[in-house]
Every structure is written in structure tokens, then in C-alpha cells.
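S.K.: Structural data only, the sequence is not supplied:
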């Protein structure tokens, strides 16, 4: 059961990669064969199997020999692990929580590529969050505090606006309403720590924040 859940999760991760990659290039992400980012070589069925295809290829395109972006297998691995963890919980809100994380993962992929993401995805995330709020037992006061505690101050701090965008603030508000203020603070703390470690290791000062916020939210769901 866990192996099946893991594979299904990896398949969703592969789909999210395809949606992000092809959407940014104006391509149809529902149809068409996957191909190498560099030489355009079309991939065989076995080469497109999540994680396994990357292992078969040795992490490199058989056509041009260039390394496949590590983001692809990492996304598949993350969504596979998330699916196993959440689906084995079996509570009433498990599917919605899984859908919340999958949506955050897609937002993160766009954030990594362009440092931007669409309002359509934020609206969908908001809808999922509202549905979750009907299934959990978070107090209303905690929800309201979760909405305003970070989003309002950050919106007013102009010096931080170069580091934190409107989309990030919106996600803070969505998460706060969905899971409450304590959950939000835990998630942001984890995301800040992991983001800082990544920045120190890579030497990058400006990094996409959504991937780390996704990790923080997932960690708080455990």
C-alpha cells in the first residue's frame, strides 16, 4: 500500500513538473511527449517513469549527455513521500491536506523558475484552505490571528517587500486561516531555518521562499 501511494505521489510530482515547464513555454501540458530541455530528444516511456527514469538515464540525457535538472526527481521524491505520509493517516481531511501541499508544490515550482506565480493558483489554494477549515477544529480566534499576525505587518514593512512578495503574504494569510496562528508560526519558523541554511550553503542572497514554506507547512502537518 505504501509503495503504491509513493508511486502515485511521484506521478503527481512528475505531472506538476510538466505543468510548470510547459506552461512557462506556452506548450500543451496535457498532450505531447516529454523531451530533453537542451537537445529536444523525445523520451521513451521507461525514461519518463518518475524517479526510475532519472535513475535509468543516470541523471543525464542519452542524446546530448547534459545533466537533467535535479529539480525534477527531487519534486517527484517529495510528492511521493508526502503522499505516503498523508494518505496513511486516513483522517477526514487527509485528501484536502494532500491537495493543499500539491498546490503549494506547484506554486513553488513556478517560484523557482520565475520568482512569480499566478493569482489563479493562489485562489485555488484559498479554496482548498477554506474547505479544510470546515473539517478541522481550529478556533476562530486562532484563524483570525493567523490571517493578520504576519500578513498585515509584512504588508506595511516596505523594506521587507524586496524579500517577501505579495504572493508570499497571501499564502501566510491562507495558511493562518486554514490551520491557525500556531501552525503558521511553526511553518514559517521551519521555512526560515531551511531557507537560511540553503542561502548559506549556496551563497545566494535572493531565493524563492515558497519551496521552503511548503516544507515548513508539511513539517507542521506531521
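M.R.: Good, I have the coordinates. Only a predicted model underlies this, so the values are computations on that prediction, with no experimental measurement involved.

S.K.: Determine the number of other residues adjacent to residue 68.
M.R.: Look at residue 68: counted by other Cβ atoms under 10 Å, it has 18 neighbours. Quick note: C-beta positions are derived from backbone N, CA and C, even for glycine.

S.K.: So it is in contact with residue 61, correct?
M.R.: Yes: when contacts are counted by Cβ atoms under 8 Å, residue 68 is listed as touching residue 61 (6.4 Å).

S.K.: any shared contact partners between the two?
M.R.: When contacts are counted by Cβ atoms under 8 Å, 6 or more residues apart in numbering, residue 68 and residue 61 are jointly contacted by residue 36.

S.K.: need the contact list for residue 217.
M.R.: 100, 101, 104, 175, 179, 187, 191 are the contacts of residue 217 under Cβ under 8 Å, 6+ apart.

S.K.: Not counting its neighbours along the chain, what's nearest the third one?
M.R.: Across the structure, with Cβ to Cβ, 6 or more residues apart in numbering as the measure, the residue nearest residue 104 apart from its sequence neighbours is residue 214 (4.3 Å).

S.K.: ok now the least confident helix or strand in the chain by mean pLDDT, how far from the chain's centre?
M.R.: Every helix and strand in the chain was compared by mean pLDDT, DSSP states H and E; the lowest is helix 52-56, with a mean of 86. Centroid separation for helix 52-56 versus its chain: 22 Å, with Cα atoms, centre = their mean, to the nearest Å.

S.K.: Mind giving me the packing neighbours of it?
M.R.: helix 71-87 (3 or more Cβ pairs under 8 Å, 6 or more residues apart in numbering; DSSP states H and E).

S.K.: same thing but at 7 Å, please
M.R.: Contacts defined by 3 or more Cβ pairs under 7 Å, 6 or more residues apart in numbering; DSSP states H and E place helix 52-56 against no helix or strand at all.

S.K.: residues making contact with it?
M.R.: Applying Cβ atoms under 7 Å, 6 or more residues apart in numbering, the external contacts of helix 52-56 come out as 46, 47, 68, 72, 73.

S.K.: go on, stretch 17-36?
M.R.: Residues outside stretch 17-36 that contact it (Cβ under 7 Å, 6+ apart) are 41-43, 48, 61, 63-64, 72, 75, 106, 109-110, 113-114.

S.K.: same thing but at 8 Å, please
M.R.: Contacts of stretch 17-36 from elsewhere in the structure, counted by Cβ under 8 Å, 6+ apart, are 37, 41-43, 47-48, 61, 63-64, 66, 68, 71-72, 75-76, 106, 109-110, 113-114.

S.K.: Need the buried ones from the residues you listed selected in ChimeraX.
M.R.: In ChimeraX, this line selects whichever of the contacts of stretch 17-36 come out buried by 16 or more other Cβ atoms under 10 Å:
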select :43,47,48,61,68,71,72,75,76,106,109,110
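
S.K.: show me where this protein has helices.
M.R.: For the chain, the helices defined by DSSP state H occupy 2-24, 52-56, 71-87, 94-114, 119-133, 140-156, 166-179, 181-202, 210-221.

S.K.: Give me the buried positions along the first one.
M.R.: This points to helix 2-24. By neighbour count on 16+ other Cβ under 10 Å, the buried set for helix 2-24 is 5-18, 20-23.
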